[in-house]
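J.: A structural model of the following input is requested.
(one chain, ligands or ions: 1)
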Amino acid sequence: MRHEHELVADQLLNIIREHSIKSVCDYGCADGAVLELLYQKAPSDVFFTGFDFFHDQNQMTKKNKDRLTFVDRKSEDFNMIRNEQNYDLVILMHTVSHFNTPVTEMKNVLKFLKSGSYIYIVEIAYDKKTPSEIASYFGVFLEELHQELSDDYLTRHYTKEQLVDLLALEDLDLVFCDTETYEAPKDETDKVTESLIKVYQDWHDSYNDANEVKKSFMSQMFKIEIELLKKYSYSASSRTKLLYKKK
Ligand SMILES: C[S@@+](CC[C@H](N)C(=O)[O-])C[C@H]1O[C@@H](n2cnc3c(N)ncnc32)[C@H](O)[C@@H]1O
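T.: Residues are numbered from 1 along each chain as shown. Below you'll find the model as predicted:
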């Protein structure tokens, strides 16, 4: 089984070739894993920019290559990149779910595009129906809730319809909208499960000075969570993938 980044990169490579894309921006690129893969495999006349508002890109600029540039808020190019319609393709992979103000932020994304450009979006497909499907996400949601409460990061998942709705007001044509089930490789699921268990244990310890009621509530939550993680692991989940073309 292959890592999600590889699967997404393969689909993007097809899009790059099919539509003769010459410039690509990964909006919310974090450590730039997808761009690195694209850079290795795409035709040698394609330029790549990794853009991230929050991720500390100091480390990333070390990864800059002739056609691959990472930009953050502190970069000189930040305002230029944000306001010029530069890109043939903008990737939003697990980024829309972190927008505080999705409508405004999508308008910012559109500033990156010119007429005929594409936007490719990947998100967790939040169309969970059965209790076991919901339970398999419990760990992720608990972690996200904790991040949100501690003011780190907002996460809001979307159904396919909600994502389509978010972009419906804009000057965009929907090229495709698919839902795919992604089976994570075992080493990846083990790593995620292990790291989540560690996070819960750390939180658990950090609640030591909370009052007894809160401590006992949190302790029950963590126990349930760890059991669920062990039972369901972090193995398969569905993704919504959308491609839009700007009119
Ligand atoms: C869950 S990570 C996804 C990283 C990467 N795209 C991937 O799929 O591996 C979300 C990233 O989006 C960035 N992000 C969140 N809101 C953003 C915004 N308004 N503008 C730019 N980047 C943003 C975060 O800093 C973070 O690096």
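J.: what about Tyr27, distance to Met106?
T.: Distance of Tyr27 to Met106, given as CB to CB, to the nearest Å: 10 Å. The way it works is simple: take the backbone N, C-alpha and C, and place the C-beta from them, glycine included.
J.: just Leu166 next, same as before
T.: For Leu166 relative to Met106 (CB to CB), the value is 6 Å.
J.: next up, the contacts around the spatially most central residue of the chain.
T.: Geometric centre of the chain, nearest residue: His94, 1.6 Å, by CA atoms, centre = their mean. Residues in contact with His94 (CB atoms under 8 Å, 6 or more residues apart in numbering) are Gly28, Val122, Glu123, Ile124.
J.: who has more neighbours out of Tyr27 and Met106?
T.: A direct count of neighbours by other CB atoms under 10 Å for Tyr27 and Met106 places Tyr27 higher, at 23 against 19.
J.: quick one: contacts for the more buried one?
T.: Residues near Tyr27 by CB under 8 Å, 6+ apart: Phe51, Asp52, Val90, Ile91, Leu92, Thr95, Val109, Phe112.
J.: over to Tyr126: give its phi and psi.
T.: phi -90, psi 60 (degrees, to the nearest 10).
J.: does Tyr244 sit in a helix or strand, and which one?
T.: strand 236-246 (DSSP states H and E).
J.: quick one: the closest residue to the ligand within the chain from Val71, how far?
T.: Residue of the chain nearest the ligand, by CB to the nearest ligand atom: Gly28 (2.8 Å). The gap separating Gly28 from Val71 is 12 Å, by CB to CB.
J.: show me where the protein has its helices.
T.: 4-18, 33-41, 78-83, 102-110, 131-149, 160-168, 186-206, 212-232 (DSSP state H).
J.: turn these into JSON lines, including mean pLDDT.
T.: Output for the helices of the chain, formatted as JSON lines (pLDDT from 0 to 100):
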{"stretch": "helix 4-18", "mean pLDDT": "95"}
{"stretch": "helix 33-41", "mean pLDDT": "95"}
{"stretch": "helix 78-83", "mean pLDDT": "78"}
{"stretch": "helix 102-110", "mean pLDDT": "92"}
{"stretch": "helix 131-149", "mean pLDDT": "67"}
{"stretch": "helix 160-168", "mean pLDDT": "91"}
{"stretch": "helix 186-206", "mean pLDDT": "72"}
{"stretch": "helix 212-232", "mean pLDDT": "71"}
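J.: how close does the most far-flung residue of the chain relative to its centre sit to Asp202?
T.: For the chain, the largest distance from the centre (CA atoms, centre = their mean) belongs to Glu212, which lies 37.0 Å off. Distance of Glu212 to Asp202, given as CB to CB: 20 Å.
J.: before we move on, back to that, deepest-packed of the helices of the chain, please.
T.: Compared across the helices of the chain, helix 33-41 shows the largest average neighbour count, a mean of 19 (mean count of other CB atoms under 10 Å).
J.: so what secondary structure elements neighbour that one?
T.: Judged by 3 or more CB pairs under 8 Å, 6 or more residues apart in numbering; DSSP states H and E, helix 33-41 is in contact with helix 4-18, strand 23-27, strand 47-51, strand 68-71.
J.: interface residues of the chain facing the ligand?
T.: Residues of the chain lying close to the ligand by CB under 6 Å from any ligand atom are 27-30, 33, 52-55, 93-95, 98-99, 105.
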